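Student: the sequence isn't on hand, but the structure is:
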């Protein structure tokens, strides 16, 4: 049952219900990739409800369980079952950056296909008309590109391509209906090389196997559903058009570090006339995935915490807290590190250990650190954060070494990623995510912001020039990465 519509589907009994629904273009929120930790893939059994699992007992109260509420990721498909689903919907949001550039007054869509989130801006008459985002439905097949490539190689290629195509089509049609547009005349698509391959319905095998090659290099123009699509420059298997688009937001006349923090972390260092770039695997914790109570940065997501004698949280839209966003994770860990609630290894201390204000100590529970009723920052979430911080710090150190620089030689750092618009410099430093005494410039979704400029031919040429002047560092060939990664797992005192 979808809203007021009832449809009948057939699925493989050996498959998870979440996957069966996706195969029939029914997408529900699954921020953790079907691991059971986010507790967002809610369905309601109307007939033959299965016995609740431990995760479901934790997620629902007795009344909800008796009414048939369950998590789709916890059960296999089975015969003679009726369920009600609550589909993931296109969400609309204001933007902190409505700059755009177009050579004419046609209807355009700038699109950022993130591994976790698909974000889009509608441009009409050379102005940003609307902004939308949607959870990438591929997350049920893995939170990172390597997992999805592996699933594609195991026979899931068509469904991975089709569900992505369906999600993007949903955004396009939603824009058209909402704003009564007859057509979309062009799109710019910024994404990592794996998402580009799925978008173009090309085999991703070459990206996941040595010598790790993208399905194409350079920029490209294609036709997608009768829409002209421009794909900015792709440099390597792990450095894509999203990074080239993102760099359009930076002052290229200055020296800087540019980091794009997502499921992979991309690091670009510009010094003088030289630009070096690399990509490191990091995990999706800062996109709200694979952390307990994690969610995208939408209404109800905790985006920051504060303690000034009284503990406070701030949520997106000032709505009742429903989960933790990436920026909320950074902010909470910054506070816990500042007040000594975690040790240098990242272990969340027991209540008797820290010499901290009593109001904070009282929030340490067996489930984790209490952020809001029923929402905890857990040890698992801290570990997920450490994967990001260690990988990013190791990547920055390697990139700087290629230019014979150290961390104090650069005074400006650009921080990109959809979550970064809600960050503060203090939280970046106290969380030890980027512990750098420099000027921080938070770009938000720089890939999308850059894509909005690429409807102008001169900006496209500028983007190509940036890409062609860049030296790519393949992290696979960096023997000291693992050692640096382990070193940067530690927390430094704030």
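Tutor: Sure thing, it's come through. Just so it is clear, the model here is predicted, and its values are computed rather than measured.

Student: helices of the stretch 351-494 of the chain, start to end?
Tutor: Secondary structure of the stretch 351-494 of the chain by DSSP state H, counting those that start in this stretch: the helices cover 358-361, 379-402, 425-430, 446-451, 457-468, 481-487.

Student: by contact count, what packs against the first one?
Tutor: With contacts defined as 3 or more CB pairs under 8 Å, 6 or more residues apart in numbering; DSSP states H and E, helix 358-361 has no helix or strand neighbours. The way it works is simple: take the backbone N, C-alpha and C, and place the C-beta from them, glycine included.

Student: give me the phi and psi for the residue nearest to residue 476 when sequence neighbours are not counted.
Tutor: Closest residue to residue 476 apart from its sequence neighbours, by CB to CB, 6 or more residues apart in numbering: residue 212 at 7.1 Å. Backbone torsions of residue 212, given as degrees, to the nearest 10, read phi 60, psi 80.

Student: what's the burial count for residue 253?
Tutor: 6 (other CB atoms under 10 Å).

Student: where in this protein is pLDDT low?
Tutor: Residue ranges of the chain with pLDDT under 70: 1-6, 11-13, 95-96.

Student: recalculate using a threshold of 50.
Tutor: For the chain, no stretch has pLDDT under 50.

Student: tell me the residue furthest from the middle of it?
Tutor: Going by CA atoms, centre = their mean, the residue of the chain most distant from its centre is residue 80, 36.5 Å out.

Student: give me the neighbour count for the closest residue to it other than its chain neighbours.
Tutor: The shortest distance from residue 80 to any non-neighbouring residue, by CB to CB, 6+ apart, is to residue 48 (6.1 Å). As a burial measure, residue 48 scores 12 neighbours (other CB under 10 Å).

Student: which residues does residue 48 contact?
Tutor: By CB atoms under 8 Å, 6 or more residues apart in numbering, the residues touching residue 48 are 78, 80-82.

Student: same deal with residue 116?
Tutor: Taking CB under 8 Å, 6+ apart as the test, what residue 116 contacts is 31, 135-136, 139, 143, 262-263, 284, 287-289, 296.

Student: tell me which of those residues fall in strands.
Tutor: residue 135 (DSSP state E).

Student: helices of the stretch 151-300 of the chain, start to end?
Tutor: Under DSSP H, counting those that start in this stretch, the stretch 151-300 of the chain gives helices at 157-179, 193-200, 205-208, 241-247.

Student: ok so, going back, how near is the residue nearest to residue 476 to residue 342?
Tutor: 36 Å (CB to CB, to the nearest Å).

Student: equivalent analysis for residue 60, please.
Tutor: Separation of residue 60 from residue 342 (CB to CB) stands at 30 Å.

Student: again, but for residue 442
Tutor: When residue 442 is compared with residue 342 (using CB to CB), they lie 24 Å apart.

Student: for the stretch 1-150 of the chain, just list every one of the strands.
Tutor: With strands called from DSSP state E, counting those that start in this stretch, the stretch 1-150 of the chain shows them at 42-47, 69-71, 82-85, 91-92, 108-113, 117-124, 127-135.

Student: deepest-packed of those strands, please.
Tutor: strand 108-113 (a mean of 26; mean count of other CB atoms under 10 Å).

Student: go ahead and measure how far that one is from the middle of the chain.
Tutor: 16 Å (CA atoms, centre = their mean, to the nearest Å).

Student: repeat for stretch 484-494
Tutor: Worked out by CA atoms, centre = their mean, stretch 484-494 lies 23 Å from the chain centre.

Student: ok, stretch 351-370 next?
Tutor: 30 Å.

Student: and it, what's buried?
Tutor: Residues of stretch 351-370 classed as buried: 354, 356, 360-361, 363-364, 368-370 (neighbour count, 16 or more other CB atoms under 10 Å).

Student: make TSV out of those and add distance to residue 20.
Tutor: Listed next are the buried residues of stretch 351-370 as TSV, based on distance: CB to CB, whole Å:
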residue	distance to residue 20
354	46
356	47
360	44
361	46
363	40
364	40
368	32
369	36
370	36
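
Student: show me the contacts for residue 222.
Tutor: 200, 229, 231.

Student: burial count for the nearest residue to the last one once chain neighbours are set aside?
Tutor: With sequence-adjacent residues excluded and distances taken as CB to CB, 6+ apart, residue 231 is closest to residue 220, at 4.6 Å. The burial count assigned to residue 220 is 17, neighbours taken as other CB under 10 Å.

Student: from residue 244, how far off is residue 220?
Tutor: Applying CB to CB to residue 220 and residue 244 gives a distance of 12 Å.

Student: then residue 187?
Tutor: Relative to residue 244, residue 187 is positioned 16 Å away (CB to CB).

Student: more neighbours, the two?
Tutor: Neighbour count, other CB under 10 Å: between residue 187 and residue 244, residue 244 has more, with 27 against 22.

Student: and the helices of the stretch 351-494 of the chain as CSV, adding distance to residue 338?
Tutor: Listed next are the helices of the stretch 351-494 of the chain as CSV, based on distance: least, CB to CB, whole Å:
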stretch, distance to residue 338
helix 358-361, 10
helix 379-402, 14
helix 425-430, 5
helix 446-451, 28
helix 457-468, 38
helix 481-487, 22
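
Student: looking at the ones you listed, which is nearest to residue 301?
Tutor: helix 379-402 (13.9 Å; CB to CB).

Student: which positions in the closest one come out as buried?
Tutor: Per 16+ other CB under 10 Å, helix 379-402 contains these buried residues: 379, 381-402.

Student: check stretch 248-257 too.
Tutor: Those would be 248-250, 255-257, for stretch 248-257 by 16+ other CB under 10 Å.

Student: between those, which sits nearest residue 417?
Tutor: Out of the buried residues of stretch 248-257, the member with the shortest distance to residue 417 (by CB to CB) is residue 249, at 12.3 Å.

Student: dump the residue contacts of the nearest residue to the closest one once chain neighbours are set aside.
Tutor: The shortest distance from residue 249 to any non-neighbouring residue, by CB to CB, 6+ apart, is to residue 446 (4.7 Å). Contact analysis of residue 446 by CB under 8 Å, 6+ apart lists 245-249, 260, 414, 416.

Student: what of residue 91?
Tutor: Applying CB under 8 Å, 6+ apart, the residues contacting residue 91 are 132-134, 298.

Student: any idea what it is bridged to?
Tutor: Counting by DSSP bridges, residue 91 is bridged to residue 133.

Student: can you tell me how far it sits from residue 118?
Tutor: In terms of CB to CB, residue 91 sits 11 Å off from residue 118.

Student: which residues do the two both contact?
Tutor: 133-134.

Student: hmm, back to that, dump the contacts of residue 446 into JSON lines; add distance to residue 177 as well.
Tutor: Formatted as JSON lines, those follow (distance: CB to CB, whole Å):
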{"residue": "245", "distance to residue 177": "27"}
{"residue": "246", "distance to residue 177": "30"}
{"residue": "247", "distance to residue 177": "34"}
{"residue": "248", "distance to residue 177": "30"}
{"residue": "249", "distance to residue 177": "31"}
{"residue": "260", "distance to residue 177": "32"}
{"residue": "414", "distance to residue 177": "36"}
{"residue": "416", "distance to residue 177": "31"}
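
Student: which one of those residues is nearest residue 126?
Tutor: So of those, ranked by how close each gets to residue 126 (CB to CB), first place is residue 248, at 17.1 Å.

Student: distance of the closest one from residue 118?
Tutor: 20 Å.
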